[in-house]
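S.K.: predicted model and sequence follow; I will ask about them next.
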Amino acid sequence: MRVLIFILLLSGVARADDVAVPLQHDGKDGVWFVLKEAQRLNVLDELAPLKENKIRLLDRQLELAKIEIVNVRIAVDATNERADLWERTALKVEARADTVQAKLDAWYRQPVVLFTVGALVGATAAVVLR
């Protein structure tokens, strides 16, 4: 990179219509670039590490997103299991409530039966006590 800048400074007065012009400096072959092209190459060269870093960060972000997807799937599975447990519990409670209600609705607990039994016991007591 320094050689390129050196070449640009030494040959700054030279003009060429081509993008690159071959030349020799200190016995080494090289190419002279138009200043705008050389500046563009410098910018691209400076941006390369930033782009590589961005790629690494995006790769890491993708890894984290995959981990998050796995965690969300685990949470969904746990939530489904919990919902199933609550549903089974609700069915058991409902069955118990039905059993209790059936006991409360037994024939011997009906008001008519209780009134009849009460009336018979009362009538019997009245007859006995007379």
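M.R.: Done, it's in.
S.K.: my guess is Val31 contacts Pro22, does it?
M.R.: Yes - here Val31 reaches Pro22: they are 5.8 Å apart, a contact under CB atoms under 8 Å. (Glycine included, C-beta is placed from N, CA and C.)
S.K.: among these two, which residue is more densely surrounded?
M.R.: Shown here are Val31 and Pro22; by other CB atoms under 10 Å, Val31 has more neighbours (13 against 9).
S.K.: any idea which helix or strand carries the more buried one?
M.R.: Per DSSP states H and E, Val31 falls inside strand 28-33.
S.K.: so Leu23 makes contact with Gly30?
M.R.: Yes - using CB under 8 Å, Leu23 is in contact with Gly30, at 5.7 Å.
S.K.: compare those two (neighbour count), which wins?
M.R.: Set Leu23 next to Gly30 and count neighbours by other CB under 10 Å: Gly30 wins out with 17 against 14.
S.K.: any idea how far Glu37 is from the more buried one?
M.R.: Gly30 sits 14 Å away from Glu37, going by CB to CB, to the nearest Å.
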